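J.: 3D model of this:
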Amino acid sequence: MASAHPARVVREPVPIDRRAADNLRFIRDTMENAASFTAVPGWGGVVIGATALVAGLVAMGHPLSQQFSVWLIEAILALLMGVVFLRWKSKLVAMPLKSRPARRALLSFVPPLLAGAVLTIVLFQIQQLSVIPGLWLMLYGVAVVTGGAFSVRIVPVMGLCFMLFGALSFFSPPPWQDAWLMAGFGGLHVVFGFLIARRHGG
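T.: Numbering: from 1, shown residues only. Here you go, the predicted model:
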């Protein structure tokens, strides 16, 4: 007489070391992903954007050489503020800047800015000032996209917007360059900084 109970399927046991390795990998990836987005200070972006809007108003109506001087001062000020807010955010979320996610983000963010600095000097020497705004917007966007690869999705999206504004700036008349800088370094920083601060804390 046949048994009423179906035959049980015997499964091979999963080695405990494999499960442990998978669990450790999951925990590590989760912790790194959770820590990476906190490297972006949202409120710092809002403040930097506000100062960029003021710089644009100050530079408005002046010759390109004077506009360049105003925006250069703003760039240095924004860099200093960015460092301050980045340190503040790292302490707020207890994520040291020497952590692996922070190092990867910063190492990806810095090279495009260095390239922009070198090209700015070259363009200034040959007096091609009208190209500099587009260059700044484009390479800053590249820096945000590459650094944002280790952050939340909204960060590389912001970088792509900077790149778009930079591309449009290249094809715009020289009198429009100040407006593009205001729209990019001012408007985009304020909008995306506010979104990051609200959605991802600080």
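J.: what is the rounded mean pLDDT of the longest helix seen in the chain?
T.: Looking across the chain with DSSP state H, the single longest helix is helix 64-92. Average pLDDT, helix 64-92: 89.
J.: separation between residue 173 and residue 130?
T.: Per Cβ to Cβ, to the nearest Å, residue 173 is found 9 Å from residue 130. Any C-beta I mention is one placed from the backbone N, CA and C, and that applies to glycine too.
J.: for residue 192, same thing?
T.: Where residue 130 is concerned, residue 192 sits at a distance of 26 Å (Cβ to Cβ).
J.: Settle it for me: which of these two has more neighbours?
T.: Set side by side, residue 192 and residue 130 show more neighbours around residue 192, with 23 against 18, by other Cβ atoms under 10 Å.
J.: For that one, give me phi and psi.
T.: Note on residue 192: its backbone torsions stand at phi -70, psi -30 [degrees, to the nearest 10].
J.: Once you drop chain neighbours, what's closest to it?
T.: Nearest non-adjacent residue to residue 192, counting by Cβ to Cβ, 6 or more residues apart in numbering: residue 158, 4.2 Å away.
J.: okay but the one you found is in contact with residue 143, surely?
T.: No. Using Cβ atoms under 8 Å as the test, residue 158 is too far from residue 143 to be in contact (10.9 Å).
J.: okay, the two: which has more neighbours?
T.: Set residue 158 next to residue 143 and count neighbours by other Cβ under 10 Å: residue 158 wins out with 24 against 21.
J.: And the more buried one, which helix or strand is it part of?
T.: For residue 158, the element it lies in under DSSP states H and E is helix 154-170.
J.: Please name every helix or strand in contact with that helix.
T.: Judged by 3 or more Cβ pairs under 8 Å, 6 or more residues apart in numbering; DSSP states H and E, helix 154-170 is in contact with helix 132-148, helix 177-181, helix 189-200.
J.: Apply 6 Å and report the result again.
T.: helix 132-148 (3 or more Cβ pairs under 6 Å, 6 or more residues apart in numbering; DSSP states H and E).
J.: Could you tell me which ranges of this structure sit under the pLDDT cut-off?
T.: Applying pLDDT under 70 to the chain flags the ranges 1-39, 93-96.
J.: So which residue is dead centre in it?
T.: Relative to the mean C-alpha position of the chain, the nearest C-alpha, by Cα atoms, centre = their mean, is the one of residue 144, at 3.1 Å.
J.: In contact with the residue lying closest to it once chain neighbours are set aside, which residues are there?
T.: With sequence-adjacent residues excluded and distances taken as Cβ to Cβ, 6+ apart, residue 144 is closest to residue 159, at 3.2 Å. Going by Cβ atoms under 6 Å, 6 or more residues apart in numbering, residue 159 touches 141, 144-145, 148.
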